[in-house]
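Asks: Structural data only, the sequence is not supplied:
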């Protein structure tokens, strides 16, 4: 009986001594953290995608609380509503940014067309290495005659944490879901060919852009792909707002200057300029 | 007991279909495309322009840096373009296109078949001549030879090893060179030994080429007055014995440390094709403008060995070998089946490093469907560099470059033994190559900083 008593007693004393010790250690090495960081972190979406430039939402919350001017910080996932709520809570000026969306600038479908005729961009060989755009891009120029366009192995799809980008099996090209895309730019970084660009989402998700990044001269570009920008410059001439520039045989539409008049869409001989989000034209 | 390297290695079916085919000189094509980057290092800088008349052996591009090589016109004719053209991988590289007119050679080139065994030049004069002839490692790595022959200060070569291993399945170009041009190879070897100032020279040959071993022994006995100090070493057949580090270990027993070069253990390795090119450059003033190329594979009508001018389209070689006899798509590989690269552009030219063209179809060409890694460690067992391919490939997939660097991914010699042996058919080498490129980029950026 006494053995039991001594054991319990000694353990209790040991426990009390260590508890007191731990209390003083905790006092001595206490880290004071601004309680607002926890609250701000709770307001952020919690995707930990890193689109803001910080390793996760905690890092972003930390920066939002500490920095006096938060105009350079922006959470594209949460968007304007989140940033407004956070800045109201912290009493700082809300950073504003035009909502953006990832845009795939390649229309070179490798699948058959709707009318059953051959593909827009025909495959000339078959890549049978590891299923990865990074590996394919490091190995050679690609399956088609175009050495600039989408390789179609889906590195962008596998990095997307929001399920916003999917491969269309019919065309072999990725498609972005505007509603889900948060413009975190992970796909932009993952694409070894730099096919994907972050662009202004535009009013009512309406956009006009050149869906091609082929810098070859007109002849070879057209030979490789029916939907290639051949650098003819017709769009540059027709644009009334000087929004289109032509460099290295490739047209680019400045989303800031573009007024969405869509004259260039009709003018483009290869259909490389694409309009998105506009209501369907009425049949005459 | 024959010598070999102790760690890892495999023995794929040899399939040396063209071993019995004598070297045939290929007729001149109508046009050649000479890439300015046929070597490792900086691309050469073109010295000709559109419309210029050139003769065979005339210099058309100068080295673009220390690690670079001179390029010569392989034919006589008119330069029709100096621009970027797709190479075998479809990637555009600066090239000189020449329309062939007749076959005039630069006057200083000795085109007679007479053997000239004696040489009165000093070592450094030999190196200068080699550099002027644009010679690169002809086993496939295409490292400029003059750089390899000029060890950095403080390091001294003691042993020269001539690589006659040809461990790649299918390829027979080195084999035929040793059989038909044995005397020239041996004289070239003595010239290389003189350039390096080494006493001891070995020629390593795998035991599946007994006729080549026999021939070189015979010729060296005949020429004993000129080619003293060359020992011919038969080696056990094992892939990748042709790798520099494996060959050094097999022949001398010395081990090149991780991330080090052969010169750090006093060794220099040169290919037999390089030895032949050195002979021709130094004794005959002939720059590197043609090479022996094996055209082989089960889909080739008559597997052959051709002496082809640099810049000849690969399709012309395939045509000369009787064309492709296969239904459905084929895989054209520049080099051997293990280390060669599949070509997407059959009109790409033969370059200084093209040791073979392999054409396969059907089952031989297809890759099997990959499944999950079962951690069986087969890849680790066969890796001749003692790496862990399964881990490195995972790290490359996850883009964990720091960890990949710690796993010494840069030591990988890309022999492909791991992918060959993997029971889950994982394309290990594809990923490791990607990782190696990325890690090398990171290391270079760190050094520059």
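Replies: Structure's in. What do you need? As the structure is a computational prediction, the values presented were derived from the model and not from experiment. Residues are numbered from 1 along each chain as shown, chains lettered A, B, ... in the order given.

Asks: ok, residue B:323 - contacts?
Replies: Applying Cβ atoms under 8 Å, 6 or more residues apart in numbering or on different chains, we find residue B:323 in contact with B:300-301. No exception for glycine: its C-beta is placed from N, CA and C like everyone else's.

Asks: Try it again at 10 Å.
Replies: Residues counted as contacts of residue B:323 (Cβ atoms under 10 Å, 6 or more residues apart in numbering or on different chains) are B:299-302, B:315, B:359.

Asks: mind giving me a markdown table with those residues and columns for secondary structure and neighbour count?
Replies: Below are the contacts of residue B:323 laid out as a markdown table (DSSP: H, G, I helix; E, B strand; the rest coil; neighbours: other Cβ atoms under 10 Å in any protein chain shown):
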| residue | secondary structure | neighbour count |
| --- | --- | --- |
| B:299 | coil | 21 |
| B:300 | strand | 25 |
| B:301 | coil | 12 |
| B:302 | coil | 14 |
| B:315 | helix | 17 |
| B:359 | strand | 28 |
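
Asks: Out of these, which is nearest to residue A:204?
Replies: Using Cβ to Cβ, residue B:315 comes nearest to residue A:204 of these, at 53.6 Å.

Asks: what residues are up against the residue nearest the centre of chain A?
Replies: With distances taken as Cα atoms, centre = their mean, residue A:185 lies nearest the centre of chain A, 2.9 Å away. Contacts for residue A:185 (Cβ under 10 Å, 6+ apart) come out as A:49-51, A:53, A:76, A:100, A:102, A:196-198.

Asks: Of all pairs in the contacts of residue B:323, which one is the farthest apart?
Replies: B:302 and B:315 (16.0 Å).

Asks: Flag every residue of chain A that's near chain B.
Replies: Residues of chain A that fall close to chain B, judged by Cβ under 10 Å from any Cβ of the partner chain: A:124-132, A:134-145, A:147, A:159, A:190, A:192, A:216, A:220.

Asks: what is the rounded mean pLDDT of stretch B:290-306?
Replies: What stretch B:290-306 shows for mean pLDDT is 95.

Asks: quick one: buried residues of it?
Replies: Of the residues in stretch B:290-306, those scored as buried under the neighbour-count criterion (16 or more other Cβ atoms under 10 Å in any protein chain shown) are B:290-300, B:303-306.

Asks: picking that back up, just the buried residues of the contacts of residue A:185.
Replies: For those, a neighbour count by 16+ other Cβ under 10 Å gives the buried set as A:49-51, A:76, A:100, A:102, A:196-198.

Asks: Mind putting these into CSV with secondary structure and distance to residue B:272?
Replies: Shown next, in CSV, are these (DSSP: H, G, I helix; E, B strand; the rest coil; distance: Cβ to Cβ, whole Å):
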residue, secondary structure, distance to residue B:272
A:49, coil, 56
A:50, coil, 53
A:51, coil, 56
A:76, coil, 60
A:100, strand, 59
A:102, strand, 54
A:196, strand, 49
A:197, strand, 52
A:198, strand, 55
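
Asks: Pipe those into TSV and attach pLDDT per row.
Replies: What follows is these, written out as TSV (pLDDT from 0 to 100):
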residue	pLDDT
A:49	85
A:50	84
A:51	84
A:76	85
A:100	90
A:102	94
A:196	96
A:197	94
A:198	93
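
Asks: Need those residues in TSV (columns: distance to residue A:115).
Replies: Conversion of these to TSV gives the following (distance: Cβ to Cβ, whole Å):
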residue	distance to residue A:115
A:49	41
A:50	44
A:51	41
A:76	39
A:100	35
A:102	30
A:196	29
A:197	30
A:198	34
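
Asks: In terms of distance to chain B, which of these ranks first?
Replies: When those are compared for distance to chain B (Cβ to the nearest Cβ), residue A:50 wins out at 13.4 Å.

Asks: Which among the residues of chain A next to chain B count as buried?
Replies: Under a neighbour-count criterion of 16+ other Cβ under 10 Å, the subset of these counted as buried comprises A:125, A:127, A:129-130, A:132, A:134-145, A:147, A:159, A:190, A:192, A:216, A:220.

Asks: Disregarding residues adjacent in the polypeptide, which is nearest to whichever residue of chain B sits closest to chain A?
Replies: Distances between chain B and chain A by Cβ to the nearest Cβ are smallest at residue B:90, namely 3.1 Å. Nearest residue to residue B:90 in three dimensions, chain neighbours excluded: residue A:141, at 3.1 Å (Cβ to Cβ, 6 or more residues apart in numbering or on different chains).

Asks: Verify the stated contact: that neighbour with residue B:86.
Replies: Yes. When contacts are counted by Cβ atoms under 10 Å, residue A:141 is listed as touching residue B:86 (6.8 Å).

Asks: Where does residue B:32 fall, secondary structure wise?
Replies: Taking DSSP states H and E as the criterion, residue B:32 maps to strand B:31-35.

Asks: so what strands line up beside that strand?
Replies: In the sheet containing strand B:31-35, the strands it pairs with under DSSP bridges are strand B:92-100 (antiparallel).

Asks: quick one: contacts for the residue of the stretch 1-150 of chain A found nearest chain B?
Replies: Going by Cβ to the nearest Cβ, chain B is nearest to residue A:141 of the stretch 1-150 of chain A, at 3.1 Å. Residue A:141 sits next to A:124-125, A:147-148, A:151, B:86-87, B:89-92, B:344-345 when contact means Cβ under 10 Å, 6+ apart.

Asks: which one of those is nearest residue A:29?
Replies: Taking those together and measuring to residue A:29 by Cβ to Cβ, the closest member is residue A:151, at 52.8 Å.

Asks: ok, so what distance separates that closest one from chain B?
Replies: For residue A:151, the distance to chain B under the criterion Cβ to the nearest Cβ, to the nearest Å works out to 12 Å.

Asks: What's the local residue count around the closest residue in space to that residue that isn't next to it in sequence?
Replies: Spatial nearest neighbour of residue A:151, chain neighbours left out: residue A:133 (4.6 Å); criterion: Cβ to Cβ, 6+ apart. By other Cβ atoms under 10 Å in any protein chain shown, 22 other residues sit near residue A:133.

Asks: and if you look at residue B:411?
Replies: By other Cβ under 10 Å, 18 other residues sit near residue B:411.

Asks: Pretty sure residue B:385 is one of the things it touches, is it not?
Replies: Yes. In this structure, residue B:411 sits in contact with residue B:385. The criterion is Cβ under 10 Å, and the distance is 5.0 Å.

Asks: Touching both of these two, which residues are there?
Replies: Residues touching both residue B:411 and residue B:385 by Cβ under 10 Å, 6+ apart: B:245, B:258.

Asks: check contacts around the residue nearest to residue B:143 when sequence neighbours are not counted.
Replies: In this structure, residue B:143 finds its nearest non-sequential neighbour in residue B:137, 4.5 Å apart by Cβ to Cβ, 6+ apart. Residues in contact with residue B:137 (Cβ under 10 Å, 6+ apart) are B:39-40, B:143-145, B:147-148, B:163, B:244, B:269-271, B:273-274, B:277, B:352-353.

Asks: burial measure for the closest residue to residue B:175 other than its chain neighbours, as a count.
Replies: Once flanking residues are discounted, residue B:175 sits nearest to residue B:209: 5.2 Å by Cβ to Cβ, 6+ apart. Residues lying near residue B:209 (other Cβ under 10 Å) number 24.

Asks: Check residue B:189 too.
Replies: By other Cβ under 10 Å, the residues close to residue B:189 number 28.

Asks: could you list every residue that touches residue 244?
Replies: Picking chain A for this. Remark: with contacts taken as Cβ under 10 Å, 6+ apart, residue A:244 is in contact with A:208, A:210, A:233-238, A:251-254, A:257-258, A:264, A:273.

Asks: actually it's chain B I care about, not the one you picked
Replies: Applying Cβ under 10 Å, 6+ apart, the residues near residue B:244 are B:137, B:139, B:141, B:143, B:161, B:163, B:256, B:261-262, B:267-270, B:413.

Asks: Could you rerun that using 7 Å?
Replies: By Cβ atoms under 7 Å, 6 or more residues apart in numbering or on different chains, the contact list for residue B:244 reads B:262, B:269.
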